[in-house]
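K.L.:
just the structure for this:
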Amino acid sequence: MAQQATAEPKATRREWIGLGVIALPCMLYSMDLTVLNLAIPEMATDLKPTAAQLLWIIDIYGFMVAGFLMTMGTLGDRIGRRKLLLIGAAAFGIASILAAFSNSAEMLIVTRAILGVAGATLAPSTLSLLTNMFRDPTERTFAISMWISSYSAGAIIGPLVGGLLIQYFWWGSVFLAGVPVMILLLVLGPSLLPEFRDPNAGRLDITSALLSLAAALLFIYGMKNTAEAGFGWEPLGFMLAGIAVAVAFLRRQAMLADPLIDLKLFRSLSFNAALGINMLGIFFMFGSFIFMAQYFQLVVGLTPLEAGLWSVPSALVFTAVSFMTPMLVSRMRPAYLLAAGMLVSAFGFLLLSQMTTLIGVVGASLIFSAGFTPVIALTTGLIVGAVPPEKTGAASALSETAAELGGALGIAVLGSLGTFIYRSEMAGAIPADVPVELARTARSTLVGAVDAATLLPGDTGRALLTLAREAFSTGFFAVAVLSAIGMLVAAIITLTVLRNVQPAGEGAH
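P.N.:
All right, here's what the predicted structure looks like:
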């Protein structure tokens with residue numbers, strides 16, 4: 001006769017207060033992302049980056065986070081997850097100050113990269129602490145939903161704070177907004193957060209860490225070169241080199257006694273599916289968000305504060321649905337809830353591709369945000385709930401790596417696609433009376449076209465600006481169609497692979 005499973009202990013008041021402390025760096029991470037999107041036009045005007053540099057500024061943070069997440073997850077298991085979280089908080093605050101006062105595109109890329117390394121200590125530490133603090137499945141599902149809601153809170157606060165800072169100060173001030181949050185975490189963390197470490201944690205393999213980072217950066221460097229200079233053997237070579245390094249990384253993990261990634265975790269089909277769906281969904285969400293921030297300011301013509309205010313509704317919807325997710329999870333099979341969410345998102349993206357007004361774009365964003373919220377909450381829970389407590393650091397790192405890599409790849413791939421469509425639309429269409437140098441600037445990016453239009457006579461400048469906005473919108477809406485197709489495919493995969501996974505409370509861990 002099967003033995004009844006022992007009930008997991010309930011969380012105490014300390015754990016619930018600790019959840020609030022854990023939410024601080026998560027909120028800051030989201031704030032840092034949304035305020036940067038709003039700062040792009042002013043920052044690009046000030047630093048004048050090339051199209052490739054602009055993409056690096058936007059997503060080098062995500063790639064460095066993704067590249068170091070597994071390393072930091074393993075390091076947290078060794079030295080303690082609370083200790084790593086506090087070290088990362090201090091480093092993040094210092095790097096934020098450096099980024100705020102960058103005076104060139106190259107300097108901002110470097111400081112954003114440093115921010116990424118520091119940020120990589122935050123995400124796996126918060127999630128692995130949370131999954132150890134809340135052992136009861138129902139409480140853990142609720143805690144993970146609140147953890148995700150903290151990102152939504154940052155997305156709500158970020159546009160408002162960022163819009164005000166950019167409008168009344170300068171673009172670099174958006175980085176300083178996170179410094180007080182990190183100071184608060186450093187003050188409260190030691191007394192409210194328990195320490196967790198894996199007593200059997202193995203040796204940290206630095207070679208593996210460098211290989212994982214090199215694989216991501218080589219592949220994306222080739223992709224960005226394609227966006228900058230078109231298809232060719234050089235960018236293709238970089239992408240193939242990245243794939244080769246990734247293969248070498250995986251082969252090394254199979255041979256190590258203490259691998260950076262425990263490949264045994266990938267023996268579960270449902271684990272792999274949850275990880276892949278999480279990554280794929282975030283790929284399309286982040287790729288679309290970067291276009292929306294520029295659309296609000298450079299196509300519609302909103303100020304940073306106005307753009308921030310119009311970004312709030314989708315973040316509010318995300319937060320509201322996050323609070324509903326625990327109830328939905330307890331009543332529906334994960335496959336059905338995941339598929340329904342992705343179908344709603346696909347419908348939202350399809351609507352977005354047809355919208356030509358500000359209200360229409362915002363309305364479509366409400367729909368795809370509402371649909372995607374239970375997807376990210378449920379896949380995260382499936383990933384970290386499938387491993388024993390001593391492995392939550394590794395599982396959390398894998399979950400966050402998939403999310404960060406998906407977001408960074410979405411910005412890089414979809415951003416490069418949008419840039420390619422923009423340049424294709426602009427090629428040969430610029431009025432003949434536009435000087436050669438200004439025409440070259442206008443063909444590079446929409447920011448460049450806006451700047452060039454201000455230097456041209458009235459009718460010529462307006463004609464150039466209209467042409468550039470239409471070219472950008474064509475790329476934006478093409479990305480929306482691709483996102484709708486991607487979400488539809490993910491929904492089909494979900495129903496095929498995860499249909500037998502039980503909801504929480506019916507035997508699923």
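K.L.:
and Leu298, how many neighbours does it have?
P.N.:
22 (other Cβ atoms under 10 Å). For every residue, glycine as well, the C-beta is placed using N, CA and C.
K.L.:
show me the contacts for the closest residue to it other than its chain neighbours.
P.N.:
Leaving aside its sequence neighbours, Leu298 sits nearest to Leu446 (Cβ to Cβ, 6 or more residues apart in numbering; 5.1 Å). Contact analysis of Leu446 by Cβ atoms under 8 Å, 6 or more residues apart in numbering lists 294, 298-299, 422, 468-469, 471-472.
K.L.:
before we move on, what about Ile157?
P.N.:
Counted by Cβ under 8 Å, 6+ apart, Ile157 has contacts 27, 31.
K.L.:
distance of it relative to Ser311?
P.N.:
Counting by Cβ to Cβ, to the nearest Å, the separation of Ile157 from Ser311 is 11 Å.
K.L.:
could you do Leu366 as well?
P.N.:
Leu366 is 11 Å from Ser311, by Cβ to Cβ.
K.L.:
check Ala100 too.
P.N.:
21 Å.
K.L.:
between the two, tell me which one has more neighbours.
P.N.:
Legend: neighbour count by other Cβ under 10 Å for Ala100 and Ser311, higher for Ser311 (25 against 19).
K.L.:
so that one is in which element?
P.N.:
Using DSSP states H and E, Ser311 sits within helix 304-331.
K.L.:
likewise for Ala339?
P.N.:
helix 334-352.
K.L.:
per-residue pLDDT, the most centrally placed residue in the chain?
P.N.:
Among the residues of the chain, the one closest to the centroid is Gly407, at 3.9 Å (Cα atoms, centre = their mean). Looking at Gly407, its pLDDT stands at 72.
K.L.:
do Leu218 as well
P.N.:
Confidence score, pLDDT, at Leu218: 81.
K.L.:
can you check the one 4 residues further on too?
P.N.:
With respect to pLDDT, Gly222 has a value of 76.
K.L.:
and it, what element?
P.N.:
helix 206-229.
K.L.:
packing partners for the helix or strand following that helix?
P.N.:
Next helix or strand after helix 206-229 toward the C-terminus (DSSP H and E): helix 233-255. In terms of contacts (3 or more Cβ pairs under 8 Å, 6 or more residues apart in numbering; DSSP states H and E), helix 233-255 is packed against helix 206-229.
K.L.:
give me the helices and strands touching the helix it packs on, please.
P.N.:
helix 51-79, helix 233-255, helix 392-409, helix 415-426.
K.L.:
worst mean pLDDT among those?
P.N.:
helix 392-409 - the lowest mean pLDDT of those, at a mean of 68.
K.L.:
near Gly360, how many other residues are there?
P.N.:
Gly360 has 13 nearby residues by other Cβ under 10 Å.
K.L.:
and the angle from the helix or strand containing it to helix 304-331?
P.N.:
For Gly360, the host element (DSSP H and E) is helix 358-384. With axes from the mean of the first three to the mean of the last three Cα atoms, to 10 degrees as the basis, helix 358-384 and helix 304-331 are set at 40 degrees to each other.
K.L.:
and helix 358-384, what's buried?
P.N.:
Neighbour-count burial for helix 358-384 flags 358, 361-384 (criterion: 16 or more other Cβ atoms under 10 Å).
K.L.:
so for that helix, what's the average pLDDT?
P.N.:
On average, helix 358-384 scores 82.
K.L.:
same check, this time on stretch 21-36
P.N.:
71.
K.L.:
quick revisit: of all the helices and strands packed on helix 206-229, which one is nearest Pro190?
P.N.:
helix 51-79 (14.7 Å; Cβ to Cβ).
K.L.:
and the angle from the next helix or strand after that closest one to helix 51-79?
P.N.:
Per DSSP H and E, the first helix or strand lying C-terminal to helix 51-79 is helix 81-100. With the same axes, to 10 degrees defining the directions, helix 81-100 sits at 160 degrees from helix 51-79.
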